[in-house]
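In: kindly return the folded structure for what I paste below:
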Amino acid sequence: MAWIALVFAGLFEIVWASAMKQSHGFTRFWPSIITGVGMLVSFGLLASAMRVLPLGTAYTIWTGIGAVGAFVVGIMIFGEAMTAMRLLAAGLIVSGLVLMKLSTTA
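Out: As a prediction, the model looks like this:
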């Protein structure tokens, strides 16, 4: 159950990061509200997962899901560059996440 909570925490991190981009520095109402709610849900789920999972594992996977997800949203929604170097960097993050998961016994 902790791993499911952690994955959803990471997905909500993608939501709040994307909404924060659309809030234009918290000058737009609804994207700002979505950012705040997304943060609360993401942090709550992360805290729940940390009750069982080690700190290093939970935090690394949470930030990794958020980072790679925000990277994908940036390319697909916001038209950000998709270069070989950026794809390699994202691939290395995913590799690190897989290794972190495989090294955790919880």
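In: alpha carbons only for contacts and neighbour counts from here, please
Out: Will do.
In: where does V94 fall, helix, sheet strand or coil?
Out: Secondary structure, DSSP: H, G, I helix; E, B strand; the rest coil: V94 is helix.
In: quick one, strands of this structure?
Out: With DSSP state E, there are no strands along the chain.
In: could you list the low-pLDDT ranges of it?
Out: Within the chain, the set of residues satisfying pLDDT under 70 comprises 106.
In: quick check, central residue of it?
Out: G66 (1.5 Å; C-alpha atoms, centre = their mean).
In: what sits against that residue?
Out: 10-11, 13-14, 17 (C-alpha atoms under 8 Å, 6 or more residues apart in numbering).
In: could you dump those residues into JSON lines and include neighbour count?
Out: Converted to JSON lines, the contacts of G66 look like this (neighbours: other C-alpha atoms under 10 Å):
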{"residue": "G10", "neighbour count": "26"}
{"residue": "L11", "neighbour count": "18"}
{"residue": "E13", "neighbour count": "28"}
{"residue": "I14", "neighbour count": "27"}
{"residue": "A17", "neighbour count": "21"}
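In: let's have these in CSV, adding distance to G56.
Out: Output for the contacts of G66, formatted as CSV (distance: C-alpha to C-alpha, whole Å):
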residue, distance to G56
G10, 15
L11, 18
E13, 17
I14, 20
A17, 21
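In: which of those residues sits closest to T57?
Out: The shortest approach to T57 among those belongs to G10, at 12.7 Å (C-alpha to C-alpha).
In: quick one: that closest one and F43 touch, right?
Out: No: when contacts are counted by C-alpha atoms under 8 Å, G10 is not listed as touching F43 (9.3 Å).
In: need the overlap of contacts for the two.
Out: Overlap of the contact sets of G10 and F43 (by C-alpha under 8 Å, 6+ apart) is empty.
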